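Asks: got a predicted structure here, sequence first:
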Amino acid sequence: MESIAKTTIGWGLVSEAYANFGYWAVIVVGALFGAICGALMRLSIGAPPNSLPMFTTIAATLVLLNVEADLSYLLTTLAQLLRPS
């Protein structure tokens, strides 16, 4: 019965952008997301499967697949992933 009283809504980048800034923010978020995915694709083209560029691309793609991530979580996680050790 408690689960009926509490509901969690997952906000993703697109819905958060639309709720805060409207359609133009959705276009900007789409362009930013596309640029990040394009950069990852260029990084991994021709790379051997067990190389650092391929591992970086795989890890970043897994982070980007989280559809309920907000922008601050996404940027923090990508920064931690891509920072040199």
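Replies: That came in fine, so what should we check first? This structure is a prediction, so every number in the text was calculated from the model and none was measured.
Asks: low-scoring pLDDT stretches of the chain, where are they?
Replies: 1-10, 84-85 (pLDDT under 70).
Asks: can you give me the strands in the protein?
Replies: Using DSSP state E, the chain contains no strands.
Asks: go through the helix ranked longest in the chain and flag the buried ones.
Replies: Scanning the chain for the helix with the most residues, using DSSP state H, yields helix 23-44. Buried residues in helix 23-44, counted by 16 or more other Cβ atoms under 10 Å: 25, 26, 29, 40, 44. Where you see a C-beta, it was placed from the backbone N, CA and C, and this is true even at glycine.
Asks: the residues you listed into TSV, with extra columns for distance to residue 58?
Replies: Shown next, in TSV, are those (distance: Cβ to Cβ, whole Å):
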residue	distance to residue 58
25	29
26	27
29	23
40	9
44	8
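Asks: between those, which is nearest residue 62?
Replies: residue 40 (11.1 Å; Cβ to Cβ).
Asks: my read: the closest one touches residue 57, true?
Replies: Yes - counting by Cβ atoms under 8 Å, residue 57 is a contact partner of residue 40 at 4.7 Å.
Asks: now do the contacts for the residue nearest the centre of the chain.
Replies: In the chain, the centroid-proximal residue (Cα atoms, centre = their mean) is residue 64; its distance is 3.0 Å. Contact analysis of residue 64 by Cβ atoms under 8 Å, 6 or more residues apart in numbering lists 33, 36, 37, 74.
Asks: what does residue 43 give?
Replies: 53, 56, 57.
Asks: one more time with 6 Å, if that's ok
Replies: 53, 57 (Cβ atoms under 6 Å, 6 or more residues apart in numbering).
Asks: how far off centre is the longest helix of the chain?
Replies: Counting by Cα atoms, centre = their mean, to the nearest Å, helix 23-44 is centred 9 Å from the centre of its parent chain.
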